[in-house]
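Chemist: Fold the following, please.
(one chain, ligands or ions: 1)
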Amino acid sequence: MPKKTFKSRLFANSNVIAMHAYTPGEQPAGSGWVKLNTNENPYPPSPQVASALRQEIRRDGARLRLYPNPTGKNLREALAKHHDVAADWILAGNGSDDILNLLMRVYSGPGRAAGMTTPSYSLYPVLAQLQGCKLIEVPFGNDFALNGAGIAKCRANIFFLTSPNAPSGVGFTPSQIAALAKKFPGILVIDEAYAPFARDNAAHLVKKYPRLVVTRTFSKAYSLAGMRVGYALAHPGIIELLDRARDSYNLDRLAQTAALAAIGDPAYYKKTIARVVRTREAFRKKISRLGWFAQPSQANFVLIEPANSCGQTGPDVAAALFAWLKDRKILVRYFGKHPLTHASLRVTIGTDQEMAALTAALDSWLKLAPPR
Ligand code: PMP
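Modeler: Below is the predicted model of the structure:
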């Protein structure tokens with residue numbers, strides 16, 4: 001039979017035809033992996049999360065018949081209290097990716113450019129392509145310092161700044177963000193996915209700067225990547241527009257329940273976050289003892305620049321170490337495409353045992369005969 005060709009593209013939106021999909025970090029099958037590649041939290045969520053979920057499902061799951069609260073009312077109110085704002089300053093969504101997507105849909109498009117620092121979270125260009133908007137990239141230098149002047153004059157309608165930054169881990173201070181919010185004339189989004197691991201954050205600044213949006217997630221500090229909950233904190237004028245564009249039930253019943261229970265147990269998270277930060281600093285010390293460079297991270301990952309036993313660095317060394325670790329079931333992240341990251345590996349902070357497995361592997365790698 002002749003093979004029929006169905007030209008589905010003839011009917012499709014040209015932005016989708018031209019775009020490249022986001023590539024998520026690998027989720028390997030099977031057990032036994034030391035998984036340090038997607039910035040998940042190594043500790044379980046608060047025990048109150050599992051008990052709230054059991055309570056919500058009860059024995060027969062009958063509650064699952066019912067739609068969830070369409071606006072995540074209880075969660076928004078709890079988050080509003082947490083940030084000392086009214087509930088109309090908060091919009092909750094299906095992970096912060098959902099929130100970033102809404103921001104891009106509402107504030108970019110043909111004639112309304114989006115901006116980002118490069119390299120940074122690789123979802124932003126995907127969302128921009130989908131909207132058919134121009135993407136303006138403000139490059140980082142080697143030290144990943146904030147180029148506030150470059151951002152302020154880049155002419156984007158909406159700008160995405162990740163702080164602490166990914167993949168460098170470098171955090172920007174509230175005074176740097178405030179200065180930028182004053183100078184940048186469009187909507188300034190501070191993607192604070194990793195802020196709970198940082199010394200400070202910009203959440204309080206939204207009250208002072210109405211064009212500033214802060215996005216947060218439950219995926220990292222709250223150990224709930226599997227539940228998909230994120231939120232935006234911004235002036236009600238912005239929240240109201242995002243609210244128009246979102247799916248009517250963009251946060252399912254169990255996700256609302258889990259996030260609400262998590263936000264209700266700050267004492268538990270204070271401890272787990274402090275553990276991650278302690279482990280991060282111990283890991284950075286170990287890396288400097290090896291004589292390697294590690295970025296000064298404010299997040300739950302560290303960007304390290306490995307050197308081989310001859311002291312050589314560079315993309316070949318980083319790629320070789322990545323592959324060597326993967327063969328030993330230790331998974332880290334390698335961003336080989338960008339010159340600022342191609343000689344480095346991004347390592348998520350795991351438990352002390354996981355980090356000990358990694359550092360033992362690094363010691364063995366350094367004992368290997370040098371490549372010829
Ligand atoms: N922003 C940044 C900078 C991230 O690294 C991630 C995680 N990939 C996200 C947002 C998305 O997080 P979420 O799980 O909330 O969608």
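
Chemist: hey, let's count contacts and neighbours off CA atoms from now on
Modeler: Fine.

Chemist: Rounded mean pLDDT for stretch 309-325, please.
Modeler: The average of the pLDDT scores along stretch 309-325 is 95.

Chemist: Flag every buried residue along it.
Modeler: Residues 313, 314, 315, 317, 318, 319, 321, 322, 324, 325 are the ones in stretch 309-325 that count as buried (16 or more other CA atoms under 10 Å).

Chemist: So which residues make contact with stretch 232-243?
Modeler: Outside stretch 232-243, the residues that touch it by CA atoms under 8 Å, 6 or more residues apart in numbering are 88-92, 96, 99, 102-103, 106, 203, 206-207, 210-216.

Chemist: circling back: can you tell me which of the buried residues of stretch 309-325 lies nearest to the ligand?
Modeler: residue 322 (19.6 Å; CA to the nearest ligand atom).

Chemist: Parallel or antiparallel, which strands does the helix or strand in which residue 136 is found pair with?
Modeler: According to DSSP states H and E, residue 136 maps onto strand 135-139. Sheet pairing of strand 135-139 (DSSP bridges) gives strand 114-118 (parallel).

Chemist: Only alpha carbons, please: show the strand it pairs with as CSV.
Modeler: Output in CSV follows, covering the C-alpha atoms of strand 114-118 (Å, rounded to 0.1, in the frame of the first residue of the first chain):
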residue,chain,number,x,y,z
ALA,A,114,10.6,39.8,25.1
GLY,A,115,14.0,40.0,26.7
MET,A,116,16.2,37.7,28.7
THR,A,117,19.8,37.4,29.9
THR,A,118,21.9,34.8,28.1
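
Chemist: pLDDT averaged over the helix or strand immediately after that strand in the chain - what is it?
Modeler: Using DSSP H and E, the helix or strand that follows strand 114-118 in sequence is helix 123-131. Across helix 123-131, pLDDT averages out at 97.

Chemist: do stretch 290-298 as well
Modeler: For stretch 290-298, the per-residue pLDDT averages 95.

Chemist: dump the residue contacts of the residue nearest to the spatial centre of the chain.
Modeler: Geometric centre of the chain, nearest residue: residue 193, 4.7 Å, by CA atoms, centre = their mean. For residue 193, the contacting residues are 96, 162, 163, 164, 215, 216, 217, 220, by CA under 8 Å, 6+ apart.

Chemist: Measure how buried residue 158 is and give me the count.
Modeler: 26 (other CA atoms under 10 Å).

Chemist: before we move on, what about residue 133?
Modeler: 21.

Chemist: how close does it sit to the ligand?
Modeler: Here the criterion is CA to the nearest ligand atom, to the nearest Å. By it, residue 133 lies 20 Å from the ligand.

Chemist: And residue 215, by the same measure?
Modeler: Following CA to the nearest ligand atom, the distance that separates residue 215 from the ligand is 8 Å.

Chemist: what's the average pLDDT for stretch 63-78?
Modeler: The model assigns stretch 63-78 a mean pLDDT of 97.

Chemist: and that stretch, which residues are buried?
Modeler: 68, 69, 71, 72, 73, 75, 76, 77, 78.

Chemist: Over to stretch 166-185?
Modeler: For stretch 166-185, the neighbour count (16+ other CA under 10 Å) marks 166-173, 177-178, 180-181, 184-185 as buried.

Chemist: Of those residues, which belong to strands?
Modeler: The members of these all map outside strands under DSSP state E.

Chemist: CSV for the residues you listed, including distance to the ligand?
Modeler: Shown next, in CSV, are the buried residues of stretch 166-185 (distance: CA to the nearest ligand atom, whole Å):
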residue, distance to the ligand
166, 5
167, 8
168, 11
169, 10
170, 12
171, 12
172, 14
173, 16
177, 16
178, 20
180, 19
181, 19
184, 20
185, 23
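
Chemist: Which ones among those map onto helices?
Modeler: Those of those mapping onto helices are 177, 178, 180, 181, per DSSP state H.

Chemist: Looks like the second one contacts residue 206 (just checking).
Modeler: No. Here residue 178 does not reach residue 206: they are 9.4 Å apart, not a contact under CA atoms under 8 Å.

Chemist: Check residue 26 and give its pLDDT.
Modeler: Reading off the model, residue 26 has pLDDT 88.

Chemist: So what's the residue count around it?
Modeler: Other residues within reach of residue 26, judged by other CA under 10 Å, total 12.

Chemist: check contacts around it.
Modeler: Taking CA under 8 Å, 6+ apart as the test, what residue 26 contacts is 37, 38.
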